[in-house]
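1. what follows is a protein structure lacking sequence information:
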C-alpha cells in the first residue's frame, strides 16, 4: 500500500532551512501547487526575515487534468489560503496563464541575488515542465528546487529529466524522504 509520512517532508524542509538558509536570510519563495497551504505556511513561519517574499501559485480549483490512475480533473480543490502577512502574494489560475505575467511584473525579485526556493508541488508533468522552463533564466547557483512527487515517473521525475538535459542545468541533490517522493536540489 502507498504510504507517505508527511512529517518526513517537514524534516527535509528543516534540514534545508538549517543547512542552507543560515541566520534567517532573505529568500524569494515560490510554491507551485499550494492546495491547502500547509507547506507554504511552514516556510512562511520558518523564515521571519521582513524582506523575504512568498508567492503561492494555484488554480484553487483542483487539478487541471487527470493525474495517474487515481486523481481526476478537479481533485485537490482547496479554498485560497488566507494569510495575514504582507510578504505573501497568491497567484490564482493555471501556471500557463499566470506565470509569464508574474515574471514580467516581478523580474527584479527573480533576477536579484537573493536565494530562491522553488517548491514544485504541481504533481503534473505539464505544469512542472512549464514552470521549470519559464524560471530557467532566473535560476542562479545556490537556488533550491524542491519536488513533492519526484518519484512519479511520468510527471515530476520526467519533467526534471527533460529539463536538466535540455537546458544543461546541473542540480545537485541535497536530500530526499519518503522513498524519493520529496526531493531537494541545489542549482550548481
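-> All right, it came through fine. Small disclaimer: the values here were computed from a predicted structure and weren't measured.

2. in this protein, which segments are predicted with low confidence?
-> 1-3, 60-81 (pLDDT under 70).

3. neighbours of the closest residue in space to residue 136 that isn't next to it in sequence, how many?
-> In space, and not counting its chain neighbours, residue 136 is closest to residue 167: 5.4 Å by CB to CB, 6 or more residues apart in numbering. For the C-beta atoms, the positions are set from N, CA and C on the backbone; glycine is no exception. Per other CB atoms under 10 Å, the neighbour tally for residue 167 reads 13.

4. close enough to count as contact, residue 167 and residue 129?
-> No: using CB atoms under 8 Å, residue 167 makes no contact with residue 129, being 10.8 Å away.

5. related to what we said a few turns ago, give me phi/psi at the residue nearest to residue 136?
-> Note on residue 167: its backbone torsions stand at phi -110, psi 0 [degrees, to the nearest 10].

6. next SSE downstream of the longest helix belonging to the chain?
-> Secondary structure of the chain per DSSP state H: the longest helix is helix 6-20. For helix 6-20, the following helix or strand on the C-terminal side (DSSP states H and E) is strand 27-32.

7. give the partner strands of that next one in its sheet and their orientations.
-> Applying DSSP bridges, strand 27-32 is found paired with strand 53-58 (parallel), strand 115-120 (parallel).

8. could I get those strands as a markdown table with distance to residue 103 and mean neighbour count?
-> Listed next are these as a markdown table, based on distance: least, CB to CB, whole Å; neighbours: other CB atoms under 10 Å:
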| stretch | distance to residue 103 | mean neighbour count |
| --- | --- | --- |
| strand 53-58 | 11 | 23 |
| strand 115-120 | 12 | 22 |
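
9. how about these, which one is nearest residue 160?
-> Across those, residue 160 has its closest neighbour in strand 115-120 (8.6 Å, CB to CB).

10. and the next helix or strand past that closest one?
-> Next in line after strand 115-120, if elements are assigned by DSSP H and E, sits helix 125-135.

11. please state the offset of stretch 109-126 from the chain centre?
-> Chain-centre distance of stretch 109-126: 5 Å, with CA atoms, centre = their mean, to the nearest Å.

12. grab the nearest non-local neighbour of the residue most central in space within the chain.
-> Centroid-nearest residue in the chain: residue 119, 1.5 Å away (criterion: CA atoms, centre = their mean). Of all residues not flanking residue 119 in the chain, residue 31 sits nearest, at 4.2 Å (CB to CB, 6+ apart).

13. so what's that neighbour up against?
-> Under the criterion of CB atoms under 8 Å, 6 or more residues apart in numbering, the neighbours of residue 31 are 39-40, 43, 54-57, 119, 121.

14. same thing with residue 56?
-> Counted by CB under 8 Å, 6+ apart, residue 56 has contacts 31, 34, 37, 40, 81, 88-91.

15. just the buried residues out of these, in ChimeraX syntax.
-> The buried residues among the contacts of residue 56 can be selected in ChimeraX (16 or more other CB atoms under 10 Å) with this line:
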select :31,34,37,40,81,88,90,91
